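Novice: Test case, fold it:
(2 chains)
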Number of protein chains: 2
Amino acid sequence: MSLTPFFNPNGVAVIGASATPGKLGHGVIANLIRSGYQGPIYPINPKADVILGLKVYPNIRQVPDPVDLAVIIIPAPLMPDALRACGQRGIRAAAILSGGFAEVGEEGAALQQAILDIARAFDMRLVGPNGVGVLNPHSGLNTTFIEQIPDPGDIAFLSQSGALGGALIDWAKGQRIGLSYFASLGNAADLTETDFIQALNVDPHTHVITTYIESIHDGPRFMATAREVAPHTPIIALKVGGTEAGARAVASHTASLGGLDEAYSAAFKQSGVVRARSVQELFDTAIALAYQQPPRGPRVAILTNAGGPAAVAADALARNGLQTPEPDEAIRQALRDALGDYPQLFNPIDMLGAASSPEYEAAARILLASDAYDAVLAILVPNTANDPVGVADALARAAGDGSKPIYACFMGDVSIREGRQRLHQHRIPVYDFPENGARAIANALRWRWVRESPPAAPPQPDTSPFQPLRPEIQRLAREGRDYLAEAELYPLLEEAGFPLAPWVAAYTKRTAEAFASNYPGPFAVKILSPDILHKSDIGGVVLNVPAAEVGKAYWDIQAQVRRRAPKAGLQGVIVQQMAGPGVEVIIGMRRDPTFGPMILFGGGGVYVVALRDVAFRIAPFSDEEARQMLGETVAGRMLLYGARGRRPGDVEALVQLIHQVAALALAVPELAEFELNPVIVHGRGQGVTVVDARAVMGGGG
Amino acid sequence: MSLTPFFNPNGVAVIGASATPGKLGHGVIANLIRSGYQGPIYPINPKADVILGLKVYPNIRQVPDPVDLAVIIIPAPLMPDALRACGQRGIRAAAILSGGFAEVGEEGAALQQAILDIARAFDMRLVGPNGVGVLNPHSGLNTTFIEQIPDPGDIAFLSQSGALGGALIDWAKGQRIGLSYFASLGNAADLTETDFIQALNVDPHTHVITTYIESIHDGPRFMATAREVAPHTPIIALKVGGTEAGARAVASHTASLGGLDEAYSAAFKQSGVVRARSVQELFDTAIALAYQQPPRGPRVAILTNAGGPAAVAADALARNGLQTPEPDEAIRQALRDALGDYPQLFNPIDMLGAASSPEYEAAARILLASDAYDAVLAILVPNTANDPVGVADALARAAGDGSKPIYACFMGDVSIREGRQRLHQHRIPVYDFPENGARAIANALRWRWVRESPPAAPPQPDTSPFQPLRPEIQRLAREGRDYLAEAELYPLLEEAGFPLAPWVAAYTKRTAEAFASNYPGPFAVKILSPDILHKSDIGGVVLNVPAAEVGKAYWDIQAQVRRRAPKAGLQGVIVQQMAGPGVEVIIGMRRDPTFGPMILFGGGGVYVVALRDVAFRIAPFSDEEARQMLGETVAGRMLLYGARGRRPGDVEALVQLIHQVAALALAVPELAEFELNPVIVHGRGQGVTVVDARAVMGGGG
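Specialist: Sure, this is the predicted structure:
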């Protein structure tokens, strides 16, 4: 897509322009005029002659050249005709502000598809419907009915909620945060956040992309695009709908499905997108990355005129994974030379209440020049003795060529308003509270890592060992099976090369005993029933059975399960050699509606599962990503590095098994969920053993 | 203490008043005049005649009546004489702004003790030194050099940082948040946060107490006072310094899991103090509790004119443990009658962009009147069609008698500034972002629970069974022992009634075998060495040893440890009967320097300990608190309620053991850390078994 017809159109037609103040079709014309858009504006309305001094056209056909963009605010049922007329007139870009489409139900969705088909036929691109349009503070283009136009700047903002966009623009205006463009995506029938992200990457006005996301339309395409863009242009995303209640609100708002929050987190992480956890964090991070270079590392020097706020800052920095190392003697001496003999030149470097602008400048210069720090956070508390505007100027002088970032936290409100605005002018990121600054610095560092080590496109795994499984699983799905238990899965998994412990499905006591006599024990004996998914819940598993007792266990288990699940069909038992010692883990897969197979790795056992020691990745992914996933869990770190009294585990074999699960999920889309639980990870070189498996059918097959 | 001489003095003497603008002694006089203090002001300075039009006195003796308060800003070495003169003059309250006391080292600390002694001799109370004084916006008393005096209100603010106090007052001024008093506690040589909290509880101007804490001076007294005050007057505390500076060798898991920050959290929880996690949350919570009744429960109705921000709000409410249930058909019908047939009357109740003030009023009335909700959160996004001030007034009308709380989130900045101020005037808490509102509502609910179920003074445990241990532990401490391992602790613990598995310290193979022949196996065999604290790290533990193999294990273990710890003195092994099946937990104690013994409960095992499934309480505490501690962990919930395939554990016995640890800690102050790890909790009625124990010496003995 080209951004030009949307953000720099030569001529804008407003279909549904109104002469009545208070109507949206009037507000848009008023905003276009008020914001200073320099191109021709063509109000379209068959019943009016002049609106706000502009000549009105009865229809789009009669509008003269040039006209690049149609802004449309008419009832939904009239939309197909209007769009068709635009197409015939040669217009290739339309912003549809009207609602009444997919967000209101099936009929609306059909209408949305109809207008999309018309647009495609004319090679026309659409923003919306059900958004508030687009805004370019640089050219004064404002097709929205948002009252305030933000200052021009270099942060693009894409919002799936028009209202939230409006609120944030109002807020940005007050904070003097400049935007390059704003687009309200609405239902995103045609152009999505991904299209804009791709186009904005090569836009000279945009240095940071921020986006408010309720749901992503094409997960894999989003990830591929973000992977390409994020190392060049930071992408910061606020995604809501993370909890059940929030998900419901999203579903009722955009008629779109909310994916699992973990899937979004994993997808963002794998594609280099920085996730903001609040509205404020979104823009706090945006200015950090727009105004300054990201820090090279985590070491922050705190410069302050007050101990209390500096303590808050040190705390918040540590909570966000940043460090505040103390200055060495050389820095300390330089500070002493510049500032005099202050009692405490640790970190925070406290210059006391009456610290002057020259003192801020001198100290900031020393700290920025030092190899010991990657960034400076300068805190100012206003009092009768200091000059916030002067300190803002001093910090800007100290920042010099900007090769190392400096951030400011000017605390308070009335006494520092002017100083804050001056900092924005100097492009020094400024925060209300130390906590906000700490989060923003941590996010800026996260992006630095994305720039340094851009996420690579994942290798496409070899799914061929798993393709032969598909017909059998399709057959079971056709039989109406909702899930598959281990007796059905084991033969398939064995065929595909999964590392199973030796096992047998024993439909008779004799088979069970014969198997046991051929292997060193002990054995796990487990109920064999197509009706029971969670065997251990009803006493259907006995562990550590010696070979001599397998025959007895054959009957005991069936009797026990019969008592507790009288209606289940029992077929016998599975006898399986117990795995050798190792660490119990889980490997699972859930097919996410947005991003596809999401792989889970975590610590195993009922209790540990409740503690959520888990990490996620969207498949496929590299070995490196799989190792990172281990590193995000306590269980994985124990396996990677060993732990008290335990040696490292066979991480190579574990990573391979994780990839096998991913490849299986990619090869067999009929599987909605799949779980190896537990898997025993043995010592280095000793491999891994799959001890139980289950699958839930119902993926898109 | 009485608040009157500090906040409503009849006459203020300023010792160290200066005629030179820019000096603090000048600023204080200027602020007293400018803020409108009505009582007499007496500048004291032997070298001046008139300061800012006021008659100057050469010394305090010559100041006429009335004079209740001395504000002192002179060099620290002159302070003793000045204070003595104040005492002789009959002044009973002094605010000492000067620094140069305990904060600068030992000499300063001695000077601080000296002035405290003088104050005590004259029955005089001190605020400071090293603070910025006190401020009463109601009377215009301002002894600080903070530029802005906040609006009068009902929130008291106590700050251990003068600078942070100044910044927050500046911020409160901008937000139109009113304060009842501000006190800068400085070094708190005499009056501490606890004294003020106690006095403010009976102050008619103060409805909420906020406090910024760096460290509490007397932990037990603070807890007792807060317990008494918090159910009547909410106490909201911001405590920083959560990350412990200075890595020290960690001898026990308890010390690594529970640091100073956990002690503060536990103390606050046990005494009804609401902990704020950021500067903003402190005041966001304060206005929620000052302006409105707290919600009765967690059910919040979201009323909005925009879906996106409402989705953010629903998300944030859920994250904070609040609920957003959907309206039932009766409420929905009432909303339909009032608002027309909107497409989506779920929760959020979205009235769409152009929602009018009467619509906000009508919907808020219906939701506030409904038994289905405990609170209403009204969100407004500004646009050209709505009227923020009108909506503020509408919400105030709907709030009625205030029996149920209503909160507002007006998003943006420039377009809603006036609306926000109007909400403050109406005493409707208003927030910048939905996330802030959600946190404040959750905190208000937390305080509601404090009011409904005031924290009781804990029962004093019977320490008599543990008193006999003290002489032996004192003896070991005198011998220079840093820690005690199980062989030393077991006899003491057995004597005190701790439930140990049968054991023997075997210095010979024969003793080991003889013991094993007397008990049903299997056994744990563990290295016996005063030099080894973490036995399993070096192969010093073998589990599940049958009786017949105990003799072999005796030599094997010693050989194994000898290889890995060649310098350790080995004395033999401990043989202990293996505990029956159960859940592995850890019970620990760390003596906190502020609050005394802090008890830890958590899930056991190396891996689980790394997952930090732990809860803390300051000892002593009730059975009820001990059960709550279990309920805060996954391990504890499994024991309380059972889990998949597991029955509940013997919680009675576990609670008793927790109390035993607490009582031991109270009886033997020489123990700095103490840990039972693991403890096996058996099924209901089956008791608990202590399987290992260690102690670290060094408490205050």
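Novice: so where do the helices sit in the stretch 51-200 of chain A?
Specialist: A:79-89, A:106-121, A:162-175, A:193-200 (DSSP state H, counting those that start in this stretch).
Novice: for the record, mean pLDDT for the first one?
Specialist: To tie it back to what came earlier, the one meant is helix A:79-89. Confidence over helix A:79-89 (mean pLDDT, whole number) is 97.
Novice: again with stretch A:570-585
Specialist: pLDDT averaged over stretch A:570-585 gives 92.
Novice: Could you give me the buried positions within that stretch?
Specialist: The neighbour-count check on stretch A:570-585 (16 or more other Cβ atoms under 10 Å in any protein chain shown) flags A:570-579, A:582-585 as buried. Where C-beta positions appear, they are placed from N, C-alpha and C, glycine not excepted.
Novice: Then stretch A:295-306?
Specialist: Buried, per 16+ other Cβ under 10 Å, within stretch A:295-306: A:P295, A:R296, A:P298, A:R299, A:V300, A:A301, A:I302, A:L303, A:T304, A:N305, A:A306.
Novice: any chance you could map the strands in the stretch 251-400 of chain A?
Specialist: For the stretch 251-400 of chain A, strands defined by DSSP state E, counting those that start in this stretch occupy the ranges A:274-276, A:300-304, A:349-350, A:375-380.
Novice: what's in contact with the shortest one?
Specialist: Looking back up the chat, that one is strand A:349-350. Applying Cβ atoms under 8 Å, 6 or more residues apart in numbering or on different chains, the external contacts of strand A:349-350 come out as A:301-307, A:310, A:327, A:335, A:342, A:344, A:363, A:367.
Novice: for chain B, what are the nearby residues on the stretch 351-500 of chain A?
Specialist: A:353, A:381-385, A:411-417, A:432-435 (Cβ under 8 Å from any Cβ of the partner chain).
Novice: In space, not sequence, find me the middle residue of chain A.
Specialist: For chain A, A:F268 is the residue whose C-alpha lies nearest the centre (Cα atoms, centre = their mean; 3.7 Å).
Novice: who's the residue lying closest to that one once chain neighbours are set aside bridged to?
Specialist: Distances taken as Cβ to Cβ, 6 or more residues apart in numbering or on different chains place A:R275 nearest to A:F268, at 4.9 Å, with adjacent residues excluded. In this entry, A:R275 is beta-bridged to A:A237, by DSSP bridges.
Novice: Surely A:R275 is in contact with A:A266?
Specialist: No - look at A:R275 against A:A266 with Cβ atoms under 8 Å: they stay out of range, at 10.5 Å.
Novice: of these two, who's got more company?
Specialist: Taking neighbours as other Cβ atoms under 10 Å in any protein chain shown, A:R275 and A:A266 compare with A:A266 leading, 25 against 20.
Novice: Not counting its neighbours along the chain, what's nearest that one?
Specialist: Going by Cβ to Cβ, 6+ apart, A:A266 has A:F616 as its nearest residue, at 4.2 Å.
Novice: just A:S278 next, same as before
Specialist: Closest to A:S278 by Cβ to Cβ, 6+ apart is B:E435, at 4.6 Å.
Novice: residues contacting that neighbour?
Specialist: Residues near B:E435 by Cβ under 8 Å, 6+ apart: A:S278, A:V279, A:Q280, B:V312, B:A316.
Novice: Regarding it, what is its secondary structure?
Specialist: Per DSSP: H, G, I helix; E, B strand; the rest coil, the local secondary structure of B:E435 is helix.
Novice: Tell me the predicted confidence for it.
Specialist: 93.
Novice: So which bits of the stretch 1-150 of chain A are right by chain B?
Specialist: Where the stretch 1-150 of chain A comes near chain B, counting by Cβ under 8 Å from any Cβ, the residues are A:G22, A:G27, A:V104, A:F145, A:I146, A:E147, A:Q148.
Novice: For those, give me JSON lines that also has neighbour count and pLDDT.
Specialist: Shown next, in JSON lines, are these (neighbours: other Cβ atoms under 10 Å in any protein chain shown; pLDDT from 0 to 100):
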{"residue": "A:G22", "neighbour count": "10", "pLDDT": "80"}
{"residue": "A:G27", "neighbour count": "21", "pLDDT": "90"}
{"residue": "A:V104", "neighbour count": "17", "pLDDT": "85"}
{"residue": "A:F145", "neighbour count": "24", "pLDDT": "79"}
{"residue": "A:I146", "neighbour count": "31", "pLDDT": "80"}
{"residue": "A:E147", "neighbour count": "20", "pLDDT": "76"}
{"residue": "A:Q148", "neighbour count": "19", "pLDDT": "78"}
